[in-house]
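Student: need coordinates for the following:
(one chain, ligands or ions: 1)
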Amino acid sequence: MNAVPRAQGLAAAQPAGTAAPPILDVRDVHKVFGGIRALNGLSIAIADGEIHCVLGPNGAGKSTFFKTLMGTDRPTSGTIHYRGSDITRLPAFRRARLGLSVKFQNIRAFSDLTVYQNLFVPLRRHHGVGEIPGRVAALLARIGLSGTETRLVKELSHGQQQWLAIAMAMASDPTVLLLDEPTAGMSVEETDKSAAIIRDLNAHGVTIVVIEHDMTFIRALAARTSVLHYGKLFAQGSFDEIAADADVRRIYLGSL
Ligand SMILES: Nc1ncnc2c1ncn2[C@@H]1O[C@H](COP(=O)(O)OP(=O)(O)OP(=O)(O)O)[C@@H](O)[C@H]1O
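Tutor: Model (predicted):
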């Protein structure tokens, strides 16, 4: 496992044997809110095509990390590169155009609208009206909700609503999808299905970065995992390496 000093550099942060530059390269990012250092010199490289899990105790800076990636929060200092270009100062809408998309934890589909109507709105930003029925059908197939176009969202289960929100984030055909605790509040079966959906999206070429607390889910993804603590990279490695690490267990109070 890469402990913090070894994980700081780009080469150390890439999976062994990969020569390709990272799709996202976060270097020494700080984000200060008044007296609070939400990010305190965070460096993480995300490899093109990987699933990358991010975990850490409450307040470790995980959501702030996503917000700085998407451009909804600007770093106080440090840089973010996307495919080798510096996007640190780029506004959120330009990052979205480049291929970044996020599903924040509190983003939900509109419950009084139909599934189709919920997908229509984000799809219309990127596609002509004539293309939309086909794209809705394709997105619903990806999340296992084929044929639900006319259902009201409030009739769907919690898990189905969360998957629909993932499909909405996929409307822009992103190259990188950021998911903030996608399995929060889900049953074991829904959590398993979420892992299958995420693996399938990844198999179709989407790089996925996922913040999670659910260890069963992270284990199921079998992805490279970064642990944040006090706004820094605390540890990085395979899930098995992370789960076996005594220092990670200590900051997680033995909850792994
Ligand atoms: N807009 C803000 N204004 C002030 N403080 C903030 C702001 N956003 C985040 N913080 C603080 O920054 C720190 C990191 O917050 P962040 O939400 O990124 O952590 P997190 O790891 O996502 O936590 P959790 O697991 O509880 O969601 C916390 O101390 C938080 O209170």
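Student: sketch out the low-pLDDT regions of this structure for me.
Tutor: Scanning the chain for pLDDT under 70 picks out 1-19, 107, 253-256.
Student: which residues of it fall in helices?
Tutor: 4-7, 10-13, 62-70, 92-98, 115-124, 132-142, 158-169, 188-203, 215-221, 239-244, 246-251 (DSSP state H).
Student: so for the fourth one, what gets flagged as buried?
Tutor: Buried residues in helix 92-98, counted by 16 or more other Cβ atoms under 10 Å: 95-96. Bear in mind the C-beta positions are built from the backbone N, C-alpha and C, glycine included.
Student: send the alpha carbons of that helix over as CSV?
Tutor: Only the C-alpha atoms of helix 92-98 are listed here, as CSV (Å, rounded to 0.1, in the frame of the first residue of the first chain):
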residue,chain,number,x,y,z
ALA,A,92,-18.2,24.1,-13.2
PHE,A,93,-20.1,24.3,-16.5
ARG,A,94,-16.9,24.1,-18.5
ARG,A,95,-15.7,21.1,-16.5
ALA,A,96,-19.0,19.5,-17.2
ARG,A,97,-18.5,20.1,-20.9
LEU,A,98,-15.1,18.5,-20.7
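Student: check which helices and strands it sits against.
Tutor: helix 62-70 (3 or more Cβ pairs under 8 Å, 6 or more residues apart in numbering; DSSP states H and E).
Student: so which elements touch the helix it packs on?
Tutor: strand 24-33, strand 36-46, strand 51-55, helix 92-98, strand 100-103, strand 176-180, strand 207-211.
Student: briefly note if that helix comes near the ligand.
Tutor: Yes. Under the criterion of Cβ under 6 Å from any ligand atom, the ligand is reached by helix 62-70 at 62-64.
Student: reformat the helices and strands packed on helix 62-70 as a markdown table; add distance to the ligand.
Tutor: Below are these laid out as a markdown table (distance: least, Cβ to the nearest ligand atom, whole Å):
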| stretch | distance to the ligand |
| --- | --- |
| strand 24-33 | 3 |
| strand 36-46 | 3 |
| strand 51-55 | 9 |
| helix 92-98 | 15 |
| strand 100-103 | 13 |
| strand 176-180 | 8 |
| strand 207-211 | 7 |
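Student: as a markdown table, these with distance to residue 78 would be great.
Tutor: Output for the helices and strands packed on helix 62-70, formatted as a markdown table (distance: least, Cβ to Cβ, whole Å):
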| stretch | distance to residue 78 |
| --- | --- |
| strand 24-33 | 3 |
| strand 36-46 | 7 |
| strand 51-55 | 17 |
| helix 92-98 | 16 |
| strand 100-103 | 17 |
| strand 176-180 | 18 |
| strand 207-211 | 17 |
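Student: which among the ones you listed is found nearest to residue 153?
Tutor: The closest of these to residue 153 is strand 100-103. By Cβ to Cβ, the value is 15.0 Å.
Student: same for that closest one, what does it pack against?
Tutor: Strand 100-103 packs on helix 62-70, helix 158-169, strand 176-180, going by 3+ Cβ pairs under 8 Å, 6+ apart.
Student: name the residues that touch that strand?
Tutor: 66, 69-70, 82, 165-166, 168-170, 172, 174-180, 182 (Cβ atoms under 8 Å, 6 or more residues apart in numbering).
Student: now, of those residues, which are buried?
Tutor: 66, 69-70, 82, 165-166, 168-170, 172, 174-180, 182.
Student: what's the closest of the residues of helix 62-70 next to the ligand to residue 38?
Tutor: Distances from residue 38 to the residues of helix 62-70 next to the ligand, taken by Cβ to Cβ, are shortest for residue 64, at 4.1 Å.
Student: what's across from the residue of the stretch 101-250 of the chain at minimum distance from the ligand in the sheet?
Tutor: Nearest residue of the stretch 101-250 of the chain to the ligand: residue 228, at 6.4 Å (Cβ to the nearest ligand atom). Beta bridges link residue 228 to residue 233, judged by DSSP bridges.
Student: any idea how many residues pack against it?
Tutor: The local packing of residue 228 (other Cβ atoms under 10 Å) involves 25 other residues.
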